[in-house]
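# Structure, please.
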Amino acid sequence: TPVRIASLAAPRLKVDQKTVMVQGAAGAVGCCAVGLARLAGARVFATVRSEADALLARRAGAHEVLRTDGRLIPEIVRDVRALAPEGLDHVVEVAFDANIELDTELLAQGASIAAYATSRPNPAIPFWPLLFKNIRIHFVGSDDFSPEARRAATQDVNRMLQTGSPGFTIEEYLWTFNMP
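Predicted coordinates:
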């Protein structure tokens, strides 16, 4: 069965053969997003702020890792477009308010964003640029997932870990978690 990235992207999003960027890829959710997108067949870009974070993102399975610390949006856009000239198909976003301008520049026509965090409760949204690109924005709150979506996400994460995803170091198994 195809990997569903419901827990970190958009419900029923298909990313096989697509280009996905995970913002903040060195965090726990970011590492999961990288690993799941890679397992689903995506070409995965990861953004990080340090060399230590870059190592984590590479270990999680990112094909391309971009350091964004202290860099201007045009520089980042230039570097991503050199590797993905058509733009990105999907962004998994950890900092919606801080990155929406960059995401808007990088996304291809008809692409999508799944945002699961933001620093400001009422961030500005560049409405017209997003509209003219037909961008879909999914605001993903894990507390609101149906039992079926939680079960599917659990299965996908388990499958990712069973395939030997190098993104996580498991020092000790305390229990096995299975959802009915």
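
# And the biggest strand by length in the chain, what does it pack against?
Looking across the chain with DSSP state E, the single longest strand is strand 107-115. Under the contact criterion of 3 or more Cβ pairs under 8 Å, 6 or more residues apart in numbering; DSSP states H and E, the helices and strands touching strand 107-115 comprise strand 88-93, helix 96-106, strand 136-139. No exception for glycine: its C-beta is placed from N, CA and C like everyone else's.

# Of those, which shows the lowest average pLDDT?
For these, the bottom mean pLDDT is recorded on strand 136-139, which sits at a mean of 92.

# Each with direction, which strands does that strand pair with?
The strands beside strand 136-139 in its sheet (DSSP bridges) come out as strand 107-115 (parallel).

# Just the mean pLDDT for the next helix or strand after the strand it pairs with, thanks.
Next in sequence after strand 107-115, counting helices and strands by DSSP states H and E, comes helix 127-132. On average, the pLDDT along helix 127-132 is 98.

# Off-centre distance for helix 127-132?
What separates the centre of helix 127-132 from the centre of its chain is 21 Å, taken as Cα atoms, centre = their mean, to the nearest Å.

# what's the answer for stretch 89-98, then?
7 Å.

# same question, stretch 83-95
Counting by Cα atoms, centre = their mean, stretch 83-95 is centred 9 Å from the centre of its parent chain.

# In it, which residues are buried?
Of the residues in stretch 83-95, those buried under the neighbour-count criterion (16 or more other Cβ atoms under 10 Å) are A84, G87, L88, D89, H90, V91, V92, E93, V94, A95.

# Go through the residues you listed and name the one nearest R150.
Each of those was checked against R150 using Cβ to Cβ; the closest is V92, at 18.0 Å.
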